[in-house]
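In: sequence first, predicted model second:
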Amino acid sequence: MKQTLKKALISTLAIALLAGSASVLAQQAPKPENLIKWRQSAFQVVAWNTGRIKASVEGQYNKDEVQRAANTIAAIANSGLGGLFAAGTEQGKGWHDTSAKPELFKDGKHFAELGANFGKEATELATVAGGGDVAAIKAQFGKLQRTCKSCHDDFKSKD
């Protein structure tokens, strides 16, 4: 009798622990609409900082402004943005409807490649910005913009 009771208690405890673990994991998984909001927000910050760099290199150059903007873009580009494009976020609304094409979720390898290029060029821009050579910054900024365009061409619906 004791052995049967012991097995029942162990089984019950194991089930309770698994159920508790599943509950915790489910609570930790962000909702698709939050993932969409976060990625939309991240790309808005990238766009704002891209505009800051463009305005500075085409107008009154401000080394500190360019460096801060380049550092911000590099930080976001290397933050694991790809994780915000999880299954379940192919459609839906964050701040607005997602503009990610369905192909993005079918070609993870190509998307990861483009994301790695974005991170590489953003990191290089932050490095080049530290030197203050406007011509070099413009050249690297062009490379960064081409990585953005490549991803948009392949994986972003036109607005």
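Out: Ah, there it is.

In: show me what contacts the residue nearest to the spatial centre of the chain?
Out: The chain has residue 81 as the residue nearest its centroid, 1.5 Å off, counting by Cα atoms, centre = their mean. Residues near residue 81 by Cβ atoms under 8 Å, 6 or more residues apart in numbering: 39, 42, 115. Yep, even glycine has a C-beta here, placed from its N, CA and C like the rest.

In: would you mind checking those residues for buried ones?
Out: 39, 115 (16 or more other Cβ atoms under 10 Å).

In: columns distance to residue 127, secondary structure and pLDDT on top of the contacts of residue 81, output as JSON lines?
Out: JSON lines is the format used below for those (distance: Cβ to Cβ, whole Å; DSSP: H, G, I helix; E, B strand; the rest coil; pLDDT from 0 to 100):
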{"residue": "39", "distance to residue 127": "25", "secondary structure": "helix", "pLDDT": "96"}
{"residue": "42", "distance to residue 127": "21", "secondary structure": "helix", "pLDDT": "97"}
{"residue": "115", "distance to residue 127": "19", "secondary structure": "helix", "pLDDT": "97"}
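
In: just the contacts of residue 81 now: which is nearest residue 106?
Out: Distance to residue 106, by Cβ to Cβ, is smallest for residue 115 among the contacts of residue 81, at 15.5 Å.

In: shouldn't residue 87 be within a helix?
Out: No. Counting by DSSP: H, G, I helix; E, B strand; the rest coil, residue 87 is not found in a helix; it is coil.

In: please, which helix or strand holds the residue lying closest to it once chain neighbours are set aside?
Out: Nearest residue to residue 87 in three dimensions, chain neighbours excluded: residue 105, at 6.9 Å (Cβ to Cβ, 6 or more residues apart in numbering). In the assignment (DSSP states H and E), residue 105 maps to helix 102-106.

In: next, the buried residues of that helix.
Out: 104-105.

In: tell me what that helix is packed against?
Out: helix 134-155 (3 or more Cβ pairs under 8 Å, 6 or more residues apart in numbering; DSSP states H and E).
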